[in-house]
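Peer 1: only geometry, no sequence info:
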Ligand SMILES: Cc1cc2nc3c(=O)[nH]c(=O)nc-3n(C[C@H](O)[C@H](O)[C@H](O)COP(=O)(O)OP(=O)(O)OC[C@H]3O[C@@H](n4cnc5c(N)ncnc54)[C@H](O)[C@@H]3O)c2cc1C
Ligand SMILES: [Zn+2]
């Protein structure tokens, strides 16, 4: 079923009775060429590109809940390519280009909105760091503009420019940055994969990984055993548990990240804005809600909810930066489980078990990575070779110390990202 | 979340800073680089359930603590001085 303007109008006039489910709900077969564990954004994109780019369609995505019910449907939807270090730069640059063609590619409206992202800075040192980051972005072929204080004021007149404690010196403007409708991305890839005969199997938790003589032979699930020649683990915050089924210990600690949304308001915040002196970033959804968040709660957690200190910090930081939002009522807050690596960068690599592949460690930044990650991971699983833009996301970089990608420059240590 | 510091009593989570899994107490005996060191520094069991991690009562008495808690429910079952936990292992 294809979407078109005509179809939407026709259905609107005839009671929307012509729509059909967008994907099948098959029972698992006994064996597949490849099994993807995890039906989040990354797992679904991987399955889509396996079918589309490599013609591998005897594939199942096994999801323990429902498609898109994990972090892909819980995040604050920022999409950007403003990374600094080689490895990250080329990967996110590639991913952003895939975003820019995604809606036509999938024939699905993911509401990708390149409204521009502005990261504010508040000191000379921060300005220098952002100038350097902006140069790295431009060198990568992406877009970055260094705004001075008056430049920021033109875009964001509502900020508190009188704040003497945290004066606004300027901002790094990334015009192609923006937001997207999070679960639409999962649905779009799901639909595309299903249309290419991939089986999307929901309510199917993987409970074991079968390994014989160092080689993967299949998985055990709540819906029976499934044999597979290759298995990809794409389970975000649950990566440690699933890897443990194959006897692996990963360089990952799971942390909770919170987000907040207010009642719907008239359009007021046109960009994505981040504060440089506290943990706070914000955008306004197309429904009008202010969507904002901050940093991790900073302790290992699998509870999809956080604690009050970070909620309070985020509110305080928001009020410091843009007091005008103070009267908006917060409707909801929630948390998601983040797979944090020691250097804050992800892993797309073969596991030390033949036929097992790892896609994890996306930390709090994996939504923007969905298309790039799926594309590169499919390439790795299909060809057993790294895809160039993701070639540095190696599992062994922690053991060797070579190629660590610590964007924040705080050290490759678990509690620092 | 509140933690009961053995020296100061029950205090707000904000007074404590988190270091990570209590494996930090199990420093490998040899100084030479080995897979054991990689495992110690980077790899984690990362359990969904009971875990032991290290916290410091940074905005209080400064003591290092071993906290036993549940990562799913956030329930805290035990807080002990890291010094005592380490001595209990014969590591002092
Ligand atoms: C509050 C919040 C804000 C965020 N904001 C942003 C942002 O603005 N920009 C950005 O780029 N990123 C952001 N992120 C990060 C981003 O959401 C994640 O990095 C990304 O969604 C993770 O990949 P995924 O979509 O594949 O994960 P998920 O959607 O979590 O998919 C993993 C799936 O695996 C399934 N699974 C787990 N175990 C098993 C098993 N044993 N068997 C079968 N299935 C299993 C889960 O049910 C889940 O559906 C944010 C995250 C949170 C929580
Ligand atoms: Zn104390």
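Peer 2: Right, received. Where do you want to start? Not measured: the values here are computed from a predicted model. Ligands and ions are numbered 1, 2, ... in the order given.

Peer 1: which residue ranges form the strands in chain B?
Peer 2: For chain B, the strands defined by DSSP state E occupy B:2-5, B:9-12, B:17-21, B:50-56, B:64-70, B:76-81.

Peer 1: how about the ones you listed in CSV, adding mean neighbour count and distance to residue A:410?
Peer 2: C-beta here means a position set from N, CA and C on the backbone, and glycine is covered the same way. Output for the strands of chain B, formatted as CSV (neighbours: other C-beta atoms under 10 Å in any protein chain shown; distance: least, C-beta to C-beta, whole Å):
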stretch, mean neighbour count, distance to residue A:410
strand B:2-5, 16, 24
strand B:9-12, 12, 25
strand B:17-21, 18, 14
strand B:50-56, 19, 17
strand B:64-70, 20, 21
strand B:76-81, 15, 27
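
Peer 1: neighbouring contacts of the helix or strand containing residue A:335?
Peer 2: When secondary structure is defined using DSSP states H and E, the element that contains residue A:335 is strand A:330-340. Contact partners of strand A:330-340, identified using C-beta atoms under 8 Å, 6 or more residues apart in numbering or on different chains, comprise A:70-71, A:74-75, A:236-240, A:252-263, A:289, A:296-297, A:301-306, A:311, A:360-364, A:414, A:417.

Peer 1: just stretch A:388-402 next, same as before
Peer 2: Taking C-beta under 8 Å, 6+ apart as the rule, stretch A:388-402 contacts A:86-87, A:90-91, A:93-95, A:251, A:341-343, A:345-352, A:358, A:361, A:372-373, A:376-377, A:380, A:403-405, A:412, B:35, B:38, B:41-42.

Peer 1: what about 6 Å?
Peer 2: Applying C-beta atoms under 6 Å, 6 or more residues apart in numbering or on different chains, the contact partners of stretch A:388-402 are A:87, A:90-91, A:94, A:251, A:342, A:346-349, A:376, A:403-404, B:38, B:42.

Peer 1: if you rank those residues by neighbours, which is first?
Peer 2: Among those, the one with the most neighbours (other C-beta atoms under 10 Å in any protein chain shown) is residue A:348, at 32 neighbours.

Peer 1: now do the contacts for that one.
Peer 2: Residues near residue A:348 by C-beta under 6 Å, 6+ apart: A:359, A:376, A:377, A:390, A:393.

Peer 1: can you put these in JSON lines and add pLDDT, distance to ligand 2 and secondary structure?
Peer 2: Below are the contacts of residue A:348 laid out as JSON lines (pLDDT from 0 to 100; distance: C-beta to the ion, whole Å; DSSP: H, G, I helix; E, B strand; the rest coil):
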{"residue": "A:359", "pLDDT": "98", "distance to ligand 2": "41", "secondary structure": "strand"}
{"residue": "A:376", "pLDDT": "98", "distance to ligand 2": "47", "secondary structure": "helix"}
{"residue": "A:377", "pLDDT": "98", "distance to ligand 2": "46", "secondary structure": "helix"}
{"residue": "A:390", "pLDDT": "98", "distance to ligand 2": "45", "secondary structure": "helix"}
{"residue": "A:393", "pLDDT": "98", "distance to ligand 2": "41", "secondary structure": "coil"}
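
Peer 1: once you drop chain neighbours, what's closest to residue A:261?
Peer 2: Leaving out its chain neighbours, the residue that sits closest to residue A:261 by C-beta to C-beta, 6 or more residues apart in numbering or on different chains is residue A:289, at 4.5 Å.

Peer 1: what residue lies at the spatial centre of the chain?
Peer 2: Just going to use chain A. Closest residue to the average C-alpha location of chain A: residue A:367 at 1.5 Å, with C-alpha atoms, centre = their mean.

Peer 1: chain B was what I was after
Peer 2: The central residue of chain B, meaning the one whose C-alpha is nearest the mean C-alpha position (C-alpha atoms, centre = their mean), is residue B:54 at 1.9 Å.

Peer 1: can you give me the distance of that one to residue A:244?
Peer 2: Using C-beta to C-beta, to the nearest Å, one obtains 22 Å as the distance from residue B:54 to residue A:244.

Peer 1: quick revisit: of the contacts of stretch A:388-402, just say which sits nearest to ligand 2.
Peer 2: Distance from ligand 2 was checked for each of these by C-beta to the ion. The minimum falls on residue A:342, at 27.9 Å.

Peer 1: list the contacts for that closest one?
Peer 2: Counting by C-beta under 6 Å, 6+ apart, residue A:342 has contacts A:251, A:398, A:412, A:413, A:414, B:42.

Peer 1: what's the answer for residue B:61, then?
Peer 2: B:7, B:8.

Peer 1: circling back: the strand holding residue A:335 pairs with which strands?
Peer 2: strand A:253-264 (antiparallel) (DSSP bridges).

Peer 1: check which residues of the partner strand are buried.
Peer 2: Applying a neighbour-count criterion of 16 or more other C-beta atoms under 10 Å in any protein chain shown, the buried positions in strand A:253-264 are A:253, A:254, A:255, A:256, A:257, A:258, A:259, A:260, A:261, A:262.

Peer 1: so which residues on the stretch 251-400 of chain A come close to chain B?
Peer 2: Residues of the stretch 251-400 of chain A lying close to chain B by C-beta under 6 Å from any C-beta of the partner chain are A:251-254, A:298-303, A:307, A:309, A:342, A:398-399.
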